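[1] Just the structure for this:
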Amino acid sequence: MAGKSKSGGVTYRTKAKQHFFRSLDLNDVITPADDDQGAFTGTKLVCSLGPSSHTVPVLEAMLNAGMVAARIDLTWGGLDFHRKSLQALNEAMTNTKKLCAITLDTLGREMMVRRPCVFGEDGWPLHPDPVEVQAGQIVMLTTRQDVEAHDNVFPVTYPHLHMMVEPGDTIYIGRYLVSGSDSASLYLEVLETDDQDIKCQAQNSATMDGLMTVFHMERSNDSLLNLQNNLPLLSDYDKSAIMALGQDFEVDFVSLAYTRTGEDVLEARAFLDSIGMSSCKILAKVETRQSLLNCNGILHTADGVVISRGNIGLDVQPEKMALVQKALISNCNLLGKPVLITRVVDSMVTNPRPTRAEATDIANAVLDGTDGILLGAETLRGAYPVEAVSTIAQICRVAERVFDSATHYETLMEATQVLDGASKVGTQSATLLHHTNGNGVDNRDDLSGSSRTNSEDDVQALSIDSYQDTFAGPKGHNMPSRTATTASAGSLAYALANSGPHRLQPLSKLESLASSAVRAAGKVDADMIIVYTATGRTAQLVAKYRPPMPILTLVVPRLVN
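    Numbers count the residues shown, from 1 in each chain. Sure thing, here's the model as predicted:
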């Protein structure tokens, strides 16, 4: 149903409750579920490979437990280690006769503390000497390249950090893939800057161990302004690693760290095309408030979205985090784009069982419509990688059994038809919309390349029931941020506000075919939907409507001269 937001923009309201119980008898609810590792799981599990999960036996067990994609994080670990991990994965796939996708996660715009490291017997880099920091202690961050790290001095890899911060800012330093079971989370308050040195005071005690990453937290709650570093989307190491691993292995996805705009996705797409990896899909990682403000362009250009809850949880207020997650999941569901979440079972890094809150969090995410879960420290360095995969898969299966597929289908059918009609009208009425800079960025000369986003022009695009900015315009192109003016006849706003059942537009032929297949399968209680496809687009549209039965995709190869 279309309506008006408080800011005057047009919104589209979606239903948040997507589950039902056939019986409210708690005796039925608590009956143990079938623990069948071969059972179908609609929610896909992506697992990070590292010291705990790089051998053939462990990878075989993870594949049998439910892993469908392996993540190689280029942020940490040498290329030789990652190559050996992928070789072991290929052997494990052969032994188990199970396919597993490969995802490369980029370093990108990550800021880190420079510290010397040593390499273990398996080739994984280690920091043997942890640093103890006490609450109230003075800590000095510096961008000087000739300074080495010690007890209270942390040299930072980004040379312009001292130009971004102001007294009163909060800087977060945490262990790479820090989890809730670690004590390596340090919050610093900036006291003053002196040339290239940043004097800070520790707000909590922490034991800083391993690779330490730096995050400059958002300072403004009113104007939504945010300073950003000017690091490139793809570092030189990213490019060389993607080229090297892409030549030796079949890479299915590249996950872009710190994606800010749709232009970032287009830049990565051009790079992949230039090195012969045109078939590789791009997952945009939403990690900062700027990516939220520009989510319309990101959603239209990326093949999927990863909600990086660790970083984005630092950049938005805690009470807004649940709404941000639900809004992003809803937007991706409406577009038919896969969406994954991170940071689900932090406690399983050191424990064989998740907390009650973690188990509930996973189930609620599945009921909200998430398509996949990305495991980080749980499988990379955790003590129970196989148990983590098995536990999450079982929680997902149980939650999927009470997912309200019928309501989800009807909601998407109406929304898709409204969307198609609004997009057709909207492309003819662009003169009624005010366009701002496509990146939502106002470059500042005094920050040596750092940039600050525009204010609230784009924020309504992330409204929990916003439809206007997110879905307007041709698919596959970055959309400029817009602010709607008068909703006159013929405008996009008018089309959305006046879209009733009698104004619904016909679906595209492919969408109609996919949605009809799902409806027919539900009516006859089919056990499986078989999809013939060449590019995967048809299968993706079928999966968009989340049928309760598995989808088997038969790929028809294309002959290329």
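
[2] Quick one: end-to-end distance for stretch 173-192.
    18 Å (C-alpha to C-alpha, to the nearest Å).

[3] Mind listing what's buried along it?
    Within stretch 173-192, the residues that qualify as buried are 173-179, 182, 184-188, 190, counting by 16 or more other C-beta atoms under 10 Å. (Glycine included, C-beta is placed from N, CA and C.)

[4] Quickly find the element holding Ile72.
    Assessed by DSSP states H and E, Ile72 sits inside strand 67-73.

[5] same question for that strand, mean pLDDT?
    For strand 67-73, mean pLDDT is 97.

[6] buried sites along the next helix or strand after it?
    Per DSSP H and E, the first helix or strand lying C-terminal to strand 67-73 is helix 79-96. Burial within helix 79-96, assessed by neighbour count using 16+ other C-beta under 10 Å, is assigned to Phe81, His82, Arg83, Lys84, Ser85, Leu86, Ala88, Leu89, Ala92, Met93, Thr96.

[7] Distance-wise, check the third one relative to Ala383.
    Here the distance between Arg83 and Ala383 works out to 25 Å (C-beta to C-beta, to the nearest Å).

[8] In TSV, list the buried residues of helix 79-96 along with distance to Asp315 and pLDDT.
    Putting these into TSV (distance: C-beta to C-beta, whole Å; pLDDT from 0 to 100) gives the following:
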residue	distance to Asp315	pLDDT
Phe81	31	95
His82	29	96
Arg83	34	96
Lys84	35	96
Ser85	31	97
Leu86	32	97
Ala88	36	98
Leu89	33	98
Ala92	37	98
Met93	37	97
Thr96	39	96
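
[9] Can you say which two of the residues you listed are spatially most distant?
    Phe81 and Thr96 (22.3 Å; C-beta to C-beta).

[10] Next one: the closest residue to Phe271 other than its chain neighbours, what pLDDT does it get?
    Leaving aside its sequence neighbours, Phe271 sits nearest to Leu234 (C-beta to C-beta, 6 or more residues apart in numbering; 6.4 Å). Leu234 is assigned a pLDDT of 96 by the prediction.

[11] Look up phi and psi at Leu234.
    Main-chain dihedrals, Leu234, degrees, to the nearest 10: phi -120, psi 120.

[12] Help me confirm that it comes into contact with Leu104.
    No: if you go by C-beta atoms under 8 Å, Leu234 and Leu104 don't touch, sitting 10.9 Å apart.

[13] before we move on, which element is Ile373 in?
    strand 372-375.

[14] distance between that strand and the chain's centre?
    9 Å (C-alpha atoms, centre = their mean, to the nearest Å).

[15] Low-confidence regions, the chain specifically.
    Within the chain, the ranges that satisfy pLDDT under 70 run 1-24, 28-29, 33-39, 179-182, 218-226, 417-506, 559-561.

[16] that older thread, give me the sheet partners of the strand holding Ile373 and which way each runs.
    Under the criterion DSSP bridges, strand 372-375 sits next to strand 44-48 (parallel), strand 339-342 (parallel) in its sheet.

[17] In JSON lines: the ones you listed, plus distance to Val58 and mean neighbour count.
    Conversion of the strands paired with strand 372-375 to JSON lines gives the following (distance: least, C-beta to C-beta, whole Å; neighbours: other C-beta atoms under 10 Å):
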{"stretch": "strand 44-48", "distance to Val58": "10", "mean neighbour count": "24"}
{"stretch": "strand 339-342", "distance to Val58": "21", "mean neighbour count": "24"}
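
[18] will you turn these into CSV that also has distance to His160?
    Shown next, in CSV, are the strands paired with strand 372-375 (distance: least, C-beta to C-beta, whole Å):
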stretch, distance to His160
strand 44-48, 30
strand 339-342, 28
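
[19] any idea how far the one residue sitting closest to the centre of the chain is from Tyr384?
    The centroid of the chain falls nearest to Val306 when counting by C-alpha atoms, centre = their mean (1.2 Å). Separation of Val306 from Tyr384 (C-beta to C-beta): 23 Å.

[20] Pick the one among the buried residues of stretch 173-192 closest to Met208.
    Among these, and counting by C-beta to C-beta, the member closest to Met208 is Ala184, at 5.4 Å.

[21] shouldn't that closest one be in contact with Thr207?
    Yes: between Ala184 and Thr207 a contact is recorded at 6.0 Å, counting by C-beta under 8 Å.

[22] shared neighbours of these two, which are they?
    Taking C-beta atoms under 8 Å, 6 or more residues apart in numbering as the criterion, Ala184 and Thr207 both touch Pro130.

[23] what touches both of Leu234 and Leu104?
    Joint contacts of Leu234 and Leu104 (C-beta under 8 Å, 6+ apart) are Ile242.

[24] Pull the most distant pair out of the buried residues of stretch 173-192.
    Ser179 and Val190, at 26.0 Å, using C-beta to C-beta across the buried residues of stretch 173-192.

[25] Using CSV, please lay out the buried residues of helix 79-96 together with distance to Cys47.
    Listed next are the buried residues of helix 79-96 as CSV, based on distance: C-beta to C-beta, whole Å:
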residue, distance to Cys47
Phe81, 16
His82, 14
Arg83, 18
Lys84, 16
Ser85, 11
Leu86, 13
Ala88, 13
Leu89, 10
Ala92, 12
Met93, 13
Thr96, 14
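
[26] Among those residues, which one sits closest to Gly66?
    For these, the nearest to Gly66 is Thr96 (11.8 Å; C-beta to C-beta).

[27] Not counting its neighbours along the chain, what's nearest that closest one?
    Leu63 is the one closest to Thr96 (C-beta to C-beta, 6+ apart), at 4.8 Å.
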